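Engineer: quick one, fold the following:
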Amino acid sequence: MPEANAAIYDVVVVGAGAAGVGVAITLKHAGVDNFVVLERHTVGASFAAWPSETCFITPSFATNSVGMLDLNSIAIGISPAFSLEVEHPSGDAYASLLELVARHFELPVREHTDVTSIAKVGDTFRIDTAGQTLQARHVIWAAGEFQYPRRRGFAGSQHCRHTATIASYESLEGDEFVVIGGYESGIDAAFHLARRGRKVRLFDAGCPWASERSDPSIALSTFSLERTREDRFQEYVELFPDTRITAVAAFDGGYHVTAADGRQYRTSVPPLLAGGFEGSHRLVSDLFEQREDGFPLLNEHDESTIVPGMFLCGPTVRHDNHVFCFIYKFRQRFAVVAKKIARSLGLPADELEEYRKWGMYLDDLSCCGEECVC
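Structural biologist: Alright, predicted model coming up:
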């Protein structure tokens, strides 16, 4: 239990990835100083855990001089393209940038602090960690999703290896692979294996590489589509659209992969599962109502509808059919959260109006959902 005279933070931010660091900077700009960022590993740890070959599908470009933010920036004045001198940063590179940004803004980050539970007691939150208990008036959950891969979905999925657990595709043994899941992670895996001359059979329940939608939250990004047209990909990767996998079974010398139509495929190495992520929000599911799709139900401030003062930031934010799964999307909600918290603390938060000029303050969702016409 916390001590009776323990200091109470105005805000505790959980997670020091792109969302946690970004919203912490926004809190400072809103005039909130009494806060702390808790990170169970190190700043940017989820990005550092990416396969070494994996890079951002969204391109970085230093467009600040004309009043536009780099797509992969989390704060005004920051450009990964400028700092890292690459268009598509690797996970390691982006993690190093987040560390640099956290130091530059002098964010109060506590690394190696694992949050074990959060509960609201009266008007304050009790945040239990492995080492101590903190109190706060508000909590922002920004723990992300990469460290929580979705490993279930069909019988025998435990025989598969999730792509989020792969350190490097070059280190994988075998000449022929099965990849289950044809969205970004699946295409990324197939691309890097094909570049090394490995045969790949890629299965997806739909056909994301032929979608007519323009939103990369739903269809494949242009970056991934370009990859599928490269010679090596065409030569070494066989695509199986509309082929839902229902089971994987181990046998002596390999694995049987069974599709919904009864067809079976053999592979001598564990199938690679690119089935997305459960997300960390499930760890605080008792503090949020759930939408029909399982994501937290949020009010217009990205706040819990049942526990006032509990906020969500990052790729699991959803509103109606709008999916904020990319940095350039979810960063637009930082100011919405920070302003609500600042106002509740009696702060004007006037500086946040500058965020609108930079496309960093999206509080009117009626403009969202437009498709490209050509």
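Engineer: so how many other residues sit close to the closest residue to residue 77 other than its chain neighbours?
Structural biologist: Nearest residue to residue 77, sequence neighbours excluded (Cβ to Cβ, 6 or more residues apart in numbering): residue 64, at 6.9 Å. Using the backbone N, CA and C atoms, a C-beta is placed for each residue, glycine as well. By the criterion of other Cβ atoms under 10 Å, residue 64 has 17 neighbours.
Engineer: show me what contacts residue 13?
Structural biologist: 20, 23, 24, 27, 35, 36, 37, 38, 139, 140, 142 (Cβ atoms under 8 Å, 6 or more residues apart in numbering).
Engineer: out of those, give me the two with the largest separation.
Structural biologist: Using Cβ to Cβ, the contacts of residue 13 span at most 13.9 Å, a distance reached by 27 and 38.
Engineer: may I ask which helix or strand encompasses the nearest residue to residue 44 once chain neighbours are set aside?
Structural biologist: For residue 44, ignoring the flanking residues on the chain, the nearest one in space by Cβ to Cβ, 6+ apart is residue 95 at 3.1 Å. Using DSSP states H and E, residue 95 sits within helix 91-104.
Engineer: look at residue 27 and residue 38 and report which has more neighbours.
Structural biologist: Between residue 27 and residue 38, counted using other Cβ under 10 Å, the more crowded position is residue 27 (27 against 24).
Engineer: re earlier: which of the contacts of residue 13 has the most neighbours?
Structural biologist: Going by other Cβ under 10 Å, residue 23 tops the contacts of residue 13 with 32 neighbours.
Engineer: distance check, that residue against residue 226.
Structural biologist: 32 Å (Cβ to Cβ, to the nearest Å).
Engineer: chain center to stretch 338-357, what's the gap?
Structural biologist: Its chain's C-alpha centre and that of stretch 338-357 lie 25 Å apart, by Cα atoms, centre = their mean, to the nearest Å.
Engineer: can you offset everything so residue one is 787?
Structural biologist: I'll keep to 787 as the first residue from here, and by that count the last item is stretch 1124-1143.
Engineer: would you mind listing the buried residues in it?
Structural biologist: 1124, 1125, 1126, 1127, 1128, 1131, 1133, 1135, 1137, 1138, 1141 (16 or more other Cβ atoms under 10 Å).
Engineer: what pLDDT does the fifth one get?
Structural biologist: Okay, so that is residue 1128. Residue 1128 is assigned 98 on the pLDDT scale.
Engineer: just to be sure, it is in a strand?
Structural biologist: No: counting by DSSP: H, G, I helix; E, B strand; the rest coil, residue 1128 is not part of a strand but helix.
Engineer: how about the helices in this protein?
Structural biologist: Remark: helices assigned in the chain by DSSP state H are 804-815, 831-834, 866-870, 877-890, 970-981, 1008-1014, 1017-1022, 1113-1116, 1120-1130, 1139-1143.
Engineer: ranking these by burial, who's on top?
Structural biologist: Each of these was scored by mean neighbour count; the highest is helix 804-815, a mean of 26, by mean count of other Cβ atoms under 10 Å.
Engineer: that one vs helix 1120-1130, what angle?
Structural biologist: 40 degrees (axes from the mean of the first three to the mean of the last three Cα atoms, to 10 degrees).
Engineer: just the CA atoms of helix 804-815, as CSV, please.
Structural biologist: Coordinates of each C-alpha in helix 804-815 appear next as CSV, following Å, rounded to 0.1, in the frame of the first residue of the first chain:
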residue,chain,number,x,y,z
ALA,A,804,6.4,6.2,-29.6
ALA,A,805,3.1,6.8,-27.9
GLY,A,806,4.4,7.2,-24.4
VAL,A,807,7.3,9.5,-25.3
GLY,A,808,5.1,11.5,-27.7
VAL,A,809,2.2,12.1,-25.2
ALA,A,810,4.7,12.9,-22.4
ILE,A,811,6.2,15.7,-24.6
THR,A,812,2.7,17.0,-25.2
LEU,A,813,1.9,17.0,-21.5
LYS,A,814,4.9,19.3,-20.9
HIS,A,815,3.7,21.6,-23.7
